[in-house]
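> all I have is the shape, not the residue letters:
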């Protein structure tokens with residue numbers, strides 16, 4: 001399941017209540033973000049509760065985009081224990097994303 005984040009409070013709660021979280025920072029007008037959408041949705045459907053997946057629309061959540069210095073989208077940030085551990089920018093394959101998540105499980 002993908003958690004669609006609508007506020008900083010929702011974001012902070014998700015990060016605090018899950019050990020590992022993959023966050024996709026994106027926007028509706030972003031072509032590469034649309035390319036990544038099926039991959040992120042597929043990963044979210046296969047997590048088996050091992051980690052959480054969230055999407056943050058940078059246009060609707062400018063405060064979060066500023067907090068994490070998002071300059072280019074799509075940007076994936078991998079959180080472990082409430083802290084941002086790693087970030088990747090641009091389109092990634094399912095294998096690349098899962099390999100990065102695996103480092104934090």
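That came through fine. Just so you know, these numbers come straight off a predicted model, no measurement behind them.

> residue 89: neighbour count?
By the criterion of other C-beta atoms under 10 Å, residue 89 has 15 neighbours. C-betas here are computed from N, CA, C, even on glycine.

> so it is in contact with residue 75, correct?
Yes: using C-beta atoms under 8 Å, residue 89 is in contact with residue 75, at 5.1 Å.

> the most centrally placed residue in the chain and residue 34, how far apart?
In the chain, the residue lying closest to the centroid (C-alpha atoms, centre = their mean) is residue 23, at 1.3 Å. Look at residue 23 and residue 34: by C-beta to C-beta, to the nearest Å, they are 17 Å apart.

> quick one, strands of this protein?
Under the criterion DSSP state E, the chain contains strands at 2-5, 20-26, 52-57, 75-80, 83-89.

> which secondary structure elements does the second one sit against?
Counting contacts by 3 or more C-beta pairs under 8 Å, 6 or more residues apart in numbering; DSSP states H and E, the secondary-structure elements packed against strand 20-26 are helix 8-16, helix 31-45, strand 52-57, strand 75-80, helix 94-102.

> cool, the third one as well?
Counting by 3+ C-beta pairs under 8 Å, 6+ apart, the packing neighbours recorded for strand 52-57 are strand 2-5, helix 8-16, strand 20-26, helix 31-45.

> which elements pack onto the shortest one?
Other elements packing on strand 2-5 under the criterion 3+ C-beta pairs under 8 Å, 6+ apart are helix 8-16, helix 31-45, strand 52-57.

> test of understanding: give the bridge partners of residue 79.
residue 21, residue 84 (DSSP bridges).

> now for it: which residues touch it?
Shown in contact with residue 79 (C-beta atoms under 8 Å, 6 or more residues apart in numbering): 15, 18, 20-23, 85.

> now the residue of the chain positioned farthest from its centre: phi and psi?
Distance to the chain centre peaks in the chain at residue 29, reaching 17.3 Å (criterion: C-alpha atoms, centre = their mean). According to degrees, to the nearest 10, the main-chain angles of residue 29 amount to phi -90, psi 0.

> excluding chain neighbours, what is closest to it?
Leaving aside its sequence neighbours, residue 29 sits nearest to residue 59 (C-beta to C-beta, 6 or more residues apart in numbering; 8.0 Å).
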